[in-house]
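>>> below: sequence and its predicted model.
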Amino acid sequence: MKQKLKFKKTEIGMIPEDWKIEKLKELCIKITDGSHFSPKTKPEGKLIATVKDMNEYGFNYETCRRISEQDFNQLVRQDCKPKINDVLIAKDGSYLKHVFVTTKDEEIIILSSIAIIRPNVEKITPHFLKYLFSDPITKERVKGNYVSGAVIPRIVLKDFAKIDLPVPSIQEQTSISKILSDLDSKIELNQQMNKTLEAIGQAIFKRWFVDFEFPNEKGKPYQSSGGEMVESEMGKIPKGWKVGKLGEIMENFDSKRVPLSSRERDPIKGEFPYYGAASIMDYINKYIFDGVYLLMGEDGTVIDDDEHPVLQYAWGKFWVNNHAHVLRGKGDFTTEYLFVLLKNMNIKHIVTGAVQPKINQGNLNSIKIIIPNRITLKLFSELISHLFNKYKIDCDEINSLIKTRDSLLPRLMSGKIRVPVEVRA
């Protein structure tokens, strides 16, 4: 007979009878944050990270600034360098948006927008603590009781110390964390695989359409094998190619977009993505588009730090608001070709608007591009399609894993699902 779970009432709600309520300060060796002094940026040197450089699984090193070794060493002495098993939490601005465990010794300093929580591993495991702060129930409770600041919301360190948390035995913490960590590891692996696929696609595109080393009729690199080049307004290009405009190779479906406010979306929650300029904003039970499209930020978030367009490769059934252009390749030009073409194109010159950056259709269509011959284009499309098919499969699996993890997380962290004894580590 299945044993009935027993719960007890506490100041933070119902928890399993055999769990405890502990304040964070009682579970940790140290609660601190990064440097309150921001050293000068150097072209080369050691890494320094702020809350903006965090993602779900660590730091984005490409966006981190660099500082001198002297400043770095000074901040190491001030304990601003995370140690293995530290839990790092976004505490300023996008508070609790990202939480992760330091799993290796990294040469990086962090600024004060990130909290450093050093757990007492005899009382709480680093990964269980991470998942507690990733739990939407904990986030909501923290938001209601400990967040301050009207302009930049934040959680101050003294309030971190006061936060009450539900704590099972170390054995159960380990088992719960393993279930969630296994899911996260697979998600992260797929994400890394897709970054590799994107990099491969970009490398092939550059070799074929920038360096003009696409295979000739004998399978040899065109330009270095003596392929004939002709002058054009964009420099020398292979014979038979021409200069055109972006509008010639793509279709625009902006007229089909329909913006929905959050109030309009609330009663129609569902499975279909609702895209904004830079990301999926919601999921609803209706869709406008069905197929493979390229979404490009139209206003607001339109270019990244390298002045490349903000792009989203979308497929299946979905909805788009009016902040992203909806594009598709035309004729012999696939949407995948369009994606890799635009991915590393500097488009700052077509962005208008000082306060609200915008890319209008006219400026987008007028971008000059090199148009290859049909044979080369067809060969490239056949090659690149295999990469994007794998990319889509990985993304679909990532979304499935995320749904599973996000469904399990609040149930495991509240004790509503208990890990069977035989599964416990």
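Structure's in. What do you need? None of these values were measured; they are calculated from a predicted model.

>>> just for the stretch 301-425 of the chain, where's the confidence low?
Scanning the stretch 301-425 of the chain for pLDDT under 70 picks out the ranges 420-425.

>>> for it, which segments count as helices?
335-343, 361-365, 374-414 (DSSP state H, counting those that start in this stretch).

>>> for this structure, name the helix or strand with the lowest mean pLDDT.
The helix or strand of the chain with the lowest confidence, counting by mean pLDDT, DSSP states H and E, is strand 147-148 at a mean of 88.

>>> how far does that one sit from its chain's centre?
25 Å (Cα atoms, centre = their mean, to the nearest Å).

>>> what packs against that strand?
If you count contacts as 3 or more Cβ pairs under 8 Å, 6 or more residues apart in numbering; DSSP states H and E, strand 147-148 packs onto strand 154-155. Quick note: C-beta positions are derived from backbone N, CA and C, even for glycine.

>>> and the average pLDDT for the strand it packs on is what?
In this model, strand 154-155 has an average pLDDT of 90.

>>> now it, how far from the centre of its chain.
Remark: strand 154-155 is offset 22 Å from the chain centroid, using Cα atoms, centre = their mean.

>>> follow-up on the earlier one: hey, which of the helices of the stretch 301-425 of the chain is tucked in deepest?
Neighbour counts (mean count of other Cβ atoms under 10 Å) averaged over each of these peak at helix 335-343, with a mean of 21.

>>> quick one: contacts of that one?
Residues outside helix 335-343 that contact it (Cβ atoms under 8 Å, 6 or more residues apart in numbering): 198, 201-202, 205, 209, 249-250, 292-294, 296, 308-309, 311, 313, 327-329, 369, 377, 380-381, 384-385, 388.

>>> elements contacting the helix or strand encompassing Leu88?
Assigned by DSSP states H and E, Leu88 belongs to strand 87-90. Using 3+ Cβ pairs under 8 Å, 6+ apart, the elements in contact with strand 87-90 are strand 99-101, strand 114-119, helix 126-134.

>>> can you list the strands that the second one pairs with?
Read it as strand 114-119. strand 28-33 (antiparallel), strand 87-90 (antiparallel) (DSSP bridges).

>>> out of those, which is closest to Pro238?
Across the strands paired with strand 114-119, Pro238 has its closest neighbour in strand 87-90 (49.0 Å, Cβ to Cβ).

>>> what's the offset of that closest one from the middle of its chain?
Centre-to-centre, strand 87-90 and its host chain are 17 Å apart (Cα atoms, centre = their mean).

>>> buried residues in that strand, which are they?
Within strand 87-90, the residues scored as buried using 16 or more other Cβ atoms under 10 Å are Val87, Leu88, Ile89, Ala90.

>>> wait, which of those is closest to Arg66?
Leu88 (19.4 Å).

>>> for Val243, see how far away the closest one is.
49 Å (Cβ to Cβ, to the nearest Å).

>>> what of Asn373?
Asn373 is 13 Å from Val243, by Cβ to Cβ.

>>> again with Ile137
Taking Cβ to Cβ, one finds Ile137 at 58 Å from Val243.

>>> compare those two (neighbour count), which wins?
Ile137 (16 against 13; other Cβ atoms under 10 Å).

>>> CA-only coordinates of the strand or helix carrying that one, as CSV, when you get a sec.
Element membership of Ile137 [criterion: DSSP H and E] is helix 136-146. Output in CSV follows, covering the C-alpha atoms of helix 136-146 (Å, rounded to 0.1, in the frame of the first residue of the first chain):
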residue,chain,number,x,y,z
PRO,A,136,9.3,29.6,-8.5
ILE,A,137,7.7,29.3,-5.1
THR,A,138,10.9,30.4,-3.3
LYS,A,139,11.3,33.2,-5.9
GLU,A,140,7.8,34.5,-5.2
ARG,A,141,8.3,34.4,-1.5
VAL,A,142,11.6,36.3,-1.7
LYS,A,143,10.1,38.8,-4.1
GLY,A,144,7.3,39.6,-1.7
ASN,A,145,9.4,39.9,1.4
TYR,A,146,13.0,40.8,0.6
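
>>> fine by me, we can end here.
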